[in-house]
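# Build the 3D model from these lines:
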Amino acid sequence: MFAPVKIAVTGSIATDHLMSYDGRFADSLVPEALEKISVSFLVDDLEVRRGGVGANIAFGLGCLGLRPALVGAVGEDFEPYRSWLERHGVDTDSVLVSELKHTARFVCTTDRDQAQISSFYAGAMREAREIELGPVAERLGGLDLVLIGANDPVAMVRHTAECRERGIPFAADPSQQIPGLSPVEIRDLVSGAEYLFTNEYESMLIESKTGWSPADIAAIVGVRITTLGAAGARIEVCGQDPVHIGVAAVERVVEPTGVGDAFRAGFLAGRAWGLGLERSAQVGSVLAAHVVETLGTQEYRIQTRSFLDRLAGAYGADAAADVEPHLAVPVPH
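This is a model prediction of the structure:
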C-alpha cells in the first residue's frame, strides 16, 4: 500500500460567465465608426461555471480519490465554490481570500456565428503572489510535488523559486501565460521541473521564445509531456525514445474546455499511485474523455466500474488491472 502523496496545485481559480446571443455581432458593427463603438446585446441565457486551471486540476485529482491542496487567491464570493471543491475531495485551507477583490472572472458572449466578445477580470488572482508555500508544506507535513499552473505571473515565478529553495519537486504548467512571459521568465519556470506540461503549440512557443532546442529542454526537465489534441499525447525523457499515447474513445463531443486540465490530473494521479509514465498518461486520457463529453470543466462524474471499463477498452485489460487497486472514487456529500 502506497503512502498518501501530498500534492499542492497552484494556479488560477475563476468563474466563467457564458452568455449566448441569437443574432450576429457583425450586424451591429459599423466599420467606419468602431472608434466610437457603444453597443449592447440582449442575450438569451447565462451559464455560470466553475473554472480556473488550478481548481480544475485539483477537482480532477479529488474525483480520483486523492486529497490535493489547492493554492491560489480568491475573493469573498468564493464560499459556494469552496464548498463544491471540498465536497469533491479538494483541500482548500491554503486558498488566500482577498479583502478587496472578487474572484477572477471570465465573461463571454457568443453569437450565432460562434463569434465571441469576452473579457477577463483577474481580480484576486493578482494576490496569489503573496502566498508562500512554506506554511502549506508545514501544515501538510511536507509536500511531494507542487504543480505550478497558469496564474499571476509573479506568483508563478515565486512558487517555482521557492520549490527550488526548499527542494520540493515541481511540475511546470505555464500554459496560457506563455505568450505574455519573457524568455527569462519561461526559463525560470521550466528549468529543473520534474514534469513539463504543454500542448503542441505551447511547446513550440517555448522553444521559439527561449531559443532552446527539444534536446535542450529534455536535458533540463525530468519528463516532457505534450498533449496533441485528438492525436493523444507524447511523453519524452532524455535518452529514451518518445512514447505516444492515443486518446480514449469519446461517446460524443460536447465541449473541449478543461480537457488538458483533466489530463494533467489523471496523469498526476497515476504517478501518485506509483504507476509508470505511459499508464499514468492513459489514466489522464480517460479522465479527459469525461470532460469532452460534459458541458463545463467540473461537471463530470466518475464511476469506478465504467472508468475501468473505458480504460480497458482503450488500452487493454492490463491497464485496468493496474489501476483498479488504486481507484477509490469518493462520493460527494
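# Residue ranges in the protein under the pLDDT threshold?
1-3, 329-333 (pLDDT under 70).
# got the residue ranges for the strands in it?
Under the criterion DSSP state E, strands of the chain are mapped to 7-10, 14-20, 45-51, 69-71, 73-74, 96-97, 104-110, 116-121, 145-149, 170-173, 195-199, 223-227, 233-236, 243-245.
# List just the one of these that sits closest to W273.
Taking CB to CB, strand 7-10 is the member of those nearest to W273, at 11.9 Å. (C-beta placed from N, C-alpha, C; glycine too.)
# Determine the set of other helices and strands touching the closest one.
Counting contacts by 3 or more CB pairs under 8 Å, 6 or more residues apart in numbering; DSSP states H and E, strand 7-10 packs against helix 53-63, strand 69-71, helix 133-140, strand 145-149, helix 153-166.
# ok so, going back, output the strands of the chain in a markdown table, with distance to E162 appended to each entry.
Output for those, formatted as a markdown table (distance: least, CB to CB, whole Å):
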| stretch | distance to E162 |
| --- | --- |
| strand 7-10 | 10 |
| strand 14-20 | 23 |
| strand 45-51 | 26 |
| strand 69-71 | 11 |
| strand 73-74 | 16 |
| strand 96-97 | 15 |
| strand 104-110 | 22 |
| strand 116-121 | 26 |
| strand 145-149 | 9 |
| strand 170-173 | 9 |
| strand 195-199 | 17 |
| strand 223-227 | 21 |
| strand 233-236 | 27 |
| strand 243-245 | 31 |
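# what would the helices and strands packed on strand 7-10 look like in JSON lines with distance to D91 and mean neighbour count?
Formatted as JSON lines, those follow (distance: least, CB to CB, whole Å; neighbours: other CB atoms under 10 Å):
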{"stretch": "helix 53-63", "distance to D91": "8", "mean neighbour count": "30"}
{"stretch": "strand 69-71", "distance to D91": "4", "mean neighbour count": "27"}
{"stretch": "helix 133-140", "distance to D91": "8", "mean neighbour count": "16"}
{"stretch": "strand 145-149", "distance to D91": "14", "mean neighbour count": "26"}
{"stretch": "helix 153-166", "distance to D91": "17", "mean neighbour count": "19"}
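# Can you lay out these as JSON lines showing distance to R234?
Shown next, in JSON lines, are those (distance: least, CB to CB, whole Å):
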{"stretch": "helix 53-63", "distance to R234": "20"}
{"stretch": "strand 69-71", "distance to R234": "28"}
{"stretch": "helix 133-140", "distance to R234": "30"}
{"stretch": "strand 145-149", "distance to R234": "19"}
{"stretch": "helix 153-166", "distance to R234": "24"}
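# now for these, which one comes closest to M125?
For M125, the closest of the helices and strands packed on strand 7-10 is helix 153-166, at 8.2 Å, according to CB to CB.
# Send over that closest one as CSV, restricted to the C-alpha atoms.
Written as CSV, here are the backbone C-alpha positions of helix 153-166 (Å, rounded to 0.1, in the frame of the first residue of the first chain):
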residue,chain,number,x,y,z
PRO,A,153,3.0,35.6,-13.4
VAL,A,154,4.7,37.0,-10.3
ALA,A,155,3.2,34.2,-8.2
MET,A,156,4.3,31.5,-10.7
VAL,A,157,7.9,32.7,-10.6
ARG,A,158,7.8,33.0,-6.8
HIS,A,159,6.3,29.5,-6.3
THR,A,160,8.9,28.0,-8.7
ALA,A,161,11.8,29.7,-6.9
GLU,A,162,10.5,28.6,-3.5
CYS,A,163,10.2,25.0,-4.7
ARG,A,164,13.9,25.1,-5.7
GLU,A,165,15.0,26.6,-2.4
ARG,A,166,13.0,24.1,-0.4
